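Undergrad: Here is the input, now give the coordinates:
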Amino acid sequence: MRKLVTISASYGAGGNVVGPALAERLGVPFLDRAIPVKVAEQLQVEPEEVDAVEDDPPSLLERLLRGFSAGDSVAPTWLPGIDLTPEDFRRETEKVLLAQCQTGEGVMLGRAGAIVLRDDPRVLRVRLDGPRDARVRQAMGFGGIDEATARRTAEHLDRTHVAYARELYGADIRDFSLYDLMIDATRIGIDACVELIYAAAAETRGP
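TA: Reported below is the predicted structural model:
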């Protein structure tokens, strides 16, 4: 049974709900907020810096990285620091993902994990998505936010995630070939999504 899973999730698709539930079901660690903390340690900055919001970041890649520490219902964040570059953050984040893979278990949400780990046969790569209008409605329910806020956030993060993968990896995050399993998480309930992924992990064996 595979116990390494990456989850790529569009805003409102419930990745930050499915991810920890799946990790609990598999009995493995969940990496989401833990990644920025580990990256902060490796870059020798305070975790608060990883979570700090920049209103006017100076470059495209800095704007793209604002989505790195974002959950489904919070504003995206950026890693500040005059001596830190997007490449620093990308490189150290990849190190955290690869180190988790070395343990042989873990559920990893976002961070372009499906792209970074696409050549590792031990990893089950999952995409949670759905029509934007349906994701907006679902995000409103998850986060208790109004429609205008949810719609603005969906439009922003959809662009950010696509641009990040394209700029840093030359990949299209919407490319179905990146994933072993794709689920419309607006039509299939959260519990069912967890069970579908669990079943896929049980039936899809590594090397």
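
Undergrad: Start from the N-terminal end of the chain and give the helices.
TA: Counting by DSSP state H, the chain has helices at residues 15-26, 34-43, 47-51, 60-65, 86-103, 113-116, 132-143, 147-169, 190-203.

Undergrad: Quick one: closest of those helices to residue 1.
TA: Across these, residue 1 has its closest neighbour in helix 190-203 (4.9 Å, Cβ to Cβ). All C-beta atoms are positioned from the backbone trio N, CA, C, and that covers glycine.

Undergrad: Apart from its chain neighbours, what residue comes closest to residue 196?
TA: Residue nearest to residue 196 in three dimensions, not counting chain neighbours: residue 183, with 6.2 Å by Cβ to Cβ, 6 or more residues apart in numbering.

Undergrad: ok, the residue nearest to the spatial centre of the chain to residue 203 distance?
TA: The chain has residue 110 as the residue nearest its centroid, 1.4 Å off, counting by Cα atoms, centre = their mean. Separation of residue 110 from residue 203 (Cβ to Cβ, to the nearest Å) stands at 25 Å.

Undergrad: re the thing from before, the residue nearest to residue 196 contacts residue 128, doesn't it?
TA: Yes. Under the criterion of Cβ atoms under 8 Å, residue 183 makes contact with residue 128 at 5.5 Å.

Undergrad: where does the protein have low pLDDT?
TA: 33-86, 204-207 (pLDDT under 70).

Undergrad: go with 50
TA: Scanning the chain with the threshold set as pLDDT under 50 gives 47-61, 63-82.

Undergrad: List the buried residues of stretch 127-141.
TA: Neighbour-count burial for stretch 127-141 flags 127, 128, 129, 130, 132, 134, 135, 136, 137, 138, 139, 140 (criterion: 16 or more other Cβ atoms under 10 Å).

Undergrad: who's in contact with the third one?
TA: Residues counted as contacts of residue 129 (Cβ atoms under 8 Å, 6 or more residues apart in numbering) are 9, 10, 13, 135, 182, 183, 184, 185.

Undergrad: how does it look with 7 Å?
TA: Residue 129 sits next to 10, 13, 182, 184, 185 when contact means Cβ atoms under 7 Å, 6 or more residues apart in numbering.

Undergrad: Show me the beta-bridge partners of it.
TA: In this entry, residue 129 is beta-bridged to residue 184, by DSSP bridges.

Undergrad: Tell me the spacing between it and residue 155.
TA: Note on residue 129: its distance to residue 155, by Cβ to Cβ, is 15 Å.

Undergrad: Which residues lie in contact with residue 13 in this structure?
TA: Contacts of residue 13 (Cβ under 7 Å, 6+ apart): 128, 129, 130, 135, 185, 186.

Undergrad: The same query, at a cut-off of 8 Å, please.
TA: By Cβ under 8 Å, 6+ apart, the contact list for residue 13 reads 72, 128, 129, 130, 135, 138, 185, 186.

Undergrad: Output the residues you listed as CSV; include the columns distance to residue 171.
TA: Listed next are the contacts of residue 13 as CSV, based on distance: Cβ to Cβ, whole Å:
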residue, distance to residue 171
72, 22
128, 18
129, 16
130, 21
135, 21
138, 26
185, 21
186, 24
